[in-house]
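[1] take a look and give me a structure for this.
(2 chains)
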Amino acid sequence: MRPLEGITVVDFSQFLSGPSASLRLADLGARVIKVERPGTGDICRQLYVSNTFLDGESTVFLAINRNKESLALDLKNPEDRRHIEQLVARADIVMHNFRPGVMERLGLDYERVRAINPRVIYGVITGYGEEGPWRDKPGQDLLLQALSGLTWLSGNADDGPVPMGLSIVDIFAGAQLVQGLLACLIRRERTGQGGLVEVSMLESILDFQFEPLTVYFQDGGQLPQRTATNNAHAYLGAPYGIYQTADGYLALAMGRIPQLGELLGCPRLLDYTDPASWFDQRDEIKAILAEHLRTKPTADWLAVLEPADIWCAEVLDWKRLRAHEGYRVLGMEQTARRGDGFEHLTTRCPIRINGQRLYAGRGAPDVGEHNERILKELLS
Amino acid sequence: MNRPLDGILVLEFAQYLAGPYAGLRLADLGARVIKIERPGTGDACRQLATKNLFVDGDSLVFHTINRNKESFAANLKDPKDLELVKRLIAKADVMTHNFRPGVMEKIGLDYESVSALNPRIVYGEVTGYGKEGPWRAKPGQDLLVQALSGLTWLTGNADDPPVPFGLAAADMICGTHLAQGILAALAARERTGRGSLVEVSLLESVLDLQFEVLTTHFNDGGQLPRRARYRNAHAYLGAPYGIYETKDGYIAIAMGSLTRLGELIGLPSLAEFDKDPADRFDKRNEIKLALAAQFKTRTTAEWLAVLEPADYWCADVFDYPRLLAHEGYRVLGMEQEVRRPNGATVRTLRCPIRIDGQRLYSDVAAPVLGNANQTLNEEPSDA
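    Numbers count the residues shown, from 1 in each chain, chains lettered A, B, ... in the order given. From the prediction side, this is the model:
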């Protein structure tokens, strides 16, 4: 049995932030009904990445929307409106990620929905919150990375701003929404009280940086300093970073520099006996390490470092990862099957409950695929 | 205000970042979170400093992650202390730990034993790589998990070596998954009366973080991600997606019609690439080079003045000082000051989630080791 069995989520959200949240709720056992515009549906259906699309949809859409039902309704059509109201009256959770003002205009804002369903938990994701000069700015991942200071943490000192290469803001904001919704669901089960949960992409990606920002507040407003080479964290000393070897790359997380010098046979590192120097002279230490580690293959270095309990790992790409037993044993992959029989591979929910991995191989729905069934239920 | 998790008691045996980050979120949402720490040293994170910053004897990192919690110092190997801890467990709603596989079994605080003591408890476990397989004993450390998971091939440009995310991304994302699982299990408990075991690992969490791009990889014939040669921001997105240098700074350009962009910035040749939609990706290096040259000719403000009114998706690129000075940041009220009874203060961020229209602030600083021992020892056991 899954923890959210019996919970119904009515999801008006599109793209990634909201739908990634409802995917998690679905995998944890909730029934998720995706309300879409008839015809085109969620705009994400047409967001092809690298020109890869499957079964007429973008791979991204398929990944984010499996294990959901689709109800195509026109929010401006009176009959469809009545269905929506019946639906939200029975929902445990209603959520959306429209720009501020849209749900008010549609008459589906929290106050109106609460009037229909006082126990509802209502979730909202915005780009930048509902106040202030950015409220109407597009809530798009790269723009949020750019505005939030995040781009000065990755890459090396001279690289300029380096964005993180996936939709980190969308995903992190979706994760925050799930936490807020579930916390309110617990309260509702205990007290009967509904609730409003609001997250913004900006507040979420600031929270993602709560460590570097707290350092920034504390140390007199010094900017994060990435290392000249091999940077992996602006606030950590050497050896923290990824280094090229004779045949690949090695990640080195922690280790006393003189000890590393001995293990790696690199006498120049023996001089750095003062731990303060591992941060203060990290550029210089990293340059020595980088030069030295290039001389032998990754496996040779791992063979001396791992037995000494130095925190290190080789750097894998997805091909090598998927071939590795450490990955295979997790069973992270699953096949999703769509209503038309089309099958594709994707990943499963990362959370295990009572020792069980949560697989859910129902593929993403076609626009309005479940209209008949859901409307019949509403009439019953 | 009433917070959604008022009345929930969490015992946090977890150390470092992933587990305690989940504990912080539960605390801000209203739970009472008590860290169970080793006497003398406590959570190893207390001494793990970045930039050698300490406040009132504990690292700033520890303060950041552990505000709004209490601390109970107990030696789990001492039968008397263990008995006290078991009494706490008997009345707790949640406990979390991130010990390596086998440690809690030895102490007798594994899920099965704890569940016998308190069948309603939700028991959260964080590991590095799960409890089976060849990596089970490997250190569950953020950078190592980034390296093994393939994540480092998504950031940076095509000719760059693997580029990690420049903060503890695996820990952070795994902490959110732990909190999600715990909250779902608590919601279920209200209906079934029974607790649950919730397990997450850093590796599974970072794989989930890549779920979109991994799904593409699984279905495009297993091609590896190809970062753009210039101005890469997403290996799977075509031009113009990226950050470009301007005359005086940078500008981020997301997505939109190339023809329209060309008209707006005076580069009509871009329209050529709109004829075949595949070109946006296949010819992105060429397009990005042309864009890079054009954006360098004017200041960021000049470009924004052209692009924003046309609703083209773009943004300035801020560092922390410019962000913090901007009204768009200030209006959020994200900052708060936390304070220890002795007056030591830390300026940090609040919880990013708003409940019932309220921002969730708390001025309670990270606990001094064992600050709750006296209170907890005096509390009646049925409290």
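
[2] who's in contact with residue 255?
    No chain in the question, so chain A it is. A:239, A:305, A:310-312 (C-beta atoms under 8 Å, 6 or more residues apart in numbering or on different chains). Using the backbone N, CA and C atoms, a C-beta is placed for each residue, glycine as well.

[3] try chain B instead
    A:140, B:237, B:240-241, B:313.

[4] let's go with 7 Å and repeat that
    For B:Met255, the contact set (C-beta atoms under 7 Å, 6 or more residues apart in numbering or on different chains) comprises B:241, B:313.

[5] with B:Lys131 instead?
    Residues near B:Lys131 by C-beta under 7 Å, 6+ apart: B:Pro101.

[6] apply 8 Å and report the result again.
    B:101, B:199.

[7] for it, give me the pLDDT.
    pLDDT for B:Lys131: 93.

[8] now it: how far from A:Ala336?
    Relative to A:Ala336, B:Lys131 is positioned 26 Å away (C-beta to C-beta, to the nearest Å).

[9] check A:His344 too.
    6 Å.

[10] which residues are common contacts for these two?
    Here A:His344 and A:Ala336 share the contacting residues A:62, A:363, scored by C-beta under 8 Å, 6+ apart.

[11] who has more neighbours out of those two?
    A count of neighbours by other C-beta atoms under 10 Å in any protein chain shown puts A:Ala336 above the other of A:His344 and A:Ala336, at 23 against 20.

[12] name the nearest residue to the more buried one, sequence neighbours excluded.
    A:Gly363 (4.1 Å; C-beta to C-beta, 6 or more residues apart in numbering or on different chains).

[13] got the phi and psi for that neighbour?
    phi -70, psi 170 (degrees, to the nearest 10).

[14] need the contact list for it.
    A:62, A:66, A:336-339, A:342-344.

[15] again, only this time at 10 Å
    Residues in contact with A:Gly363 (C-beta atoms under 10 Å, 6 or more residues apart in numbering or on different chains) are A:54-55, A:57, A:62, A:65-68, A:335-344, A:346.

[16] now stretch A:88-99: buried residues?
    A:88, A:91-98 (16 or more other C-beta atoms under 10 Å in any protein chain shown).

[17] do stretch B:77-91 as well
    Buried residues in stretch B:77-91 (16+ other C-beta under 10 Å): B:81-82, B:84-85, B:88-89.

[18] now those in JSON lines, with secondary structure, pLDDT and distance to A:Gly192?
    Putting these into JSON lines (DSSP: H, G, I helix; E, B strand; the rest coil; pLDDT from 0 to 100; distance: C-beta to C-beta, whole Å) gives the following:
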{"residue": "B:Asp81", "secondary structure": "helix", "pLDDT": "96", "distance to A:Gly192": "40"}
{"residue": "B:Leu82", "secondary structure": "helix", "pLDDT": "97", "distance to A:Gly192": "39"}
{"residue": "B:Leu84", "secondary structure": "helix", "pLDDT": "96", "distance to A:Gly192": "36"}
{"residue": "B:Val85", "secondary structure": "helix", "pLDDT": "97", "distance to A:Gly192": "34"}
{"residue": "B:Leu88", "secondary structure": "helix", "pLDDT": "97", "distance to A:Gly192": "29"}
{"residue": "B:Ile89", "secondary structure": "helix", "pLDDT": "98", "distance to A:Gly192": "29"}
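
[19] and of the residues you listed, the nearest to B:Asp274?
    B:Ile89 (63.2 Å; C-beta to C-beta).

[20] okay, now the unreliable bits of chain B?
    Within chain B, the segments meeting pLDDT under 70 span B:1, B:379-383.

[21] ok, the longest helix seen in it near chain A or not?
    Across chain B, the longest stretch assigned as helix under DSSP state H is helix B:169-192. Yes - judged by C-beta under 10 Å from any C-beta of the partner chain, helix B:169-192 comes into contact with chain A at B:169, B:171-192.

[22] quick one: contacts for A:Lys166?
    If you look again at residue A:166, you'll see it is Leu, not Lys. For A:Leu166, the contacting residues are A:141, B:151, B:154-155, B:165, B:209-214, B:225, B:233-236, by C-beta under 10 Å, 6+ apart.

[23] so which residues of the stretch 101-250 of chain A form strands?
    For the stretch 101-250 of chain A, the strands defined by DSSP state E, counting those that start in this stretch occupy A:121-126, A:195-200, A:241-244, A:249-252.

[24] who touches A:Ile33 in this structure?
    A:Ile33 sits next to A:8-12, A:22, A:68-71, A:87, A:91, A:365, A:370, A:374 when contact means C-beta under 10 Å, 6+ apart.

[25] could you export the strands of the stretch 101-250 of chain A as TSV, including mean pLDDT, mean neighbour count and distance to chain B?
    Listed next are the strands of the stretch 101-250 of chain A as TSV, based on pLDDT from 0 to 100; neighbours: other C-beta atoms under 10 Å in any protein chain shown; distance: least, C-beta to the nearest C-beta, whole Å:
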stretch	mean pLDDT	mean neighbour count	distance to chain B
strand A:121-126	98	26	9
strand A:195-200	98	26	4
strand A:241-244	98	22	5
strand A:249-252	98	25	4
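
[26] do you know which of these lies nearest A:Ile285?
    Comparing the strands of the stretch 101-250 of chain A by C-beta to C-beta, strand A:241-244 comes nearest, at 10.0 Å.

[27] partners of the closest one in the sheet?
    strand A:249-252 (antiparallel) (DSSP bridges).

[28] geometric centre of the chain: which residue is closest?
    In the absence of a named chain, chain A is used. Closest residue to the average C-alpha location of chain A: A:Ile171 at 2.7 Å, with C-alpha atoms, centre = their mean.

[29] and the nearest residue to that one once chain neighbours are set aside, what element?
    Closest residue to A:Ile171 apart from its sequence neighbours, by C-beta to C-beta, 6+ apart: A:Ser20 at 5.6 Å. Using DSSP states H and E, A:Ser20 sits in helix A:17-27.

[30] what's the neighbour count on residue 245?
    In the absence of a named chain, chain A is used. By other C-beta under 10 Å, neighbour count at A:Thr245 equals 20.

[31] hmm, I had chain B in mind actually
    16.

[32] for chain A, which element, helix or strand, carries the lowest mean pLDDT?
    One helix or strand of chain A scores below all others by mean pLDDT, DSSP states H and E: strand A:53-54, with a mean of 84.

[33] phi and psi next, for the residue nearest to A:Phe53 when sequence neighbours are not counted.
    If the residues on either side of it in the chain are set aside, A:Phe53 comes closest to A:Thr59, at 6.6 Å by C-beta to C-beta, 6+ apart. With angles defined as degrees, to the nearest 10, A:Thr59 sits at phi -60, psi -30.

[34] can you pull the contacts of A:Thr59?
    A:47-50, A:52-53, A:344, A:346, B:212-220, B:236.

[35] relative to helix A:17-27, how tilted is whichever helix or strand A:Lys34 is part of?
    Element membership of A:Lys34 [criterion: DSSP H and E] is strand A:31-36. Computed by axes from the mean of the first three to the mean of the last three C-alpha atoms, to 10 degrees, the angle separating strand A:31-36 from helix A:17-27 equals 150 degrees.
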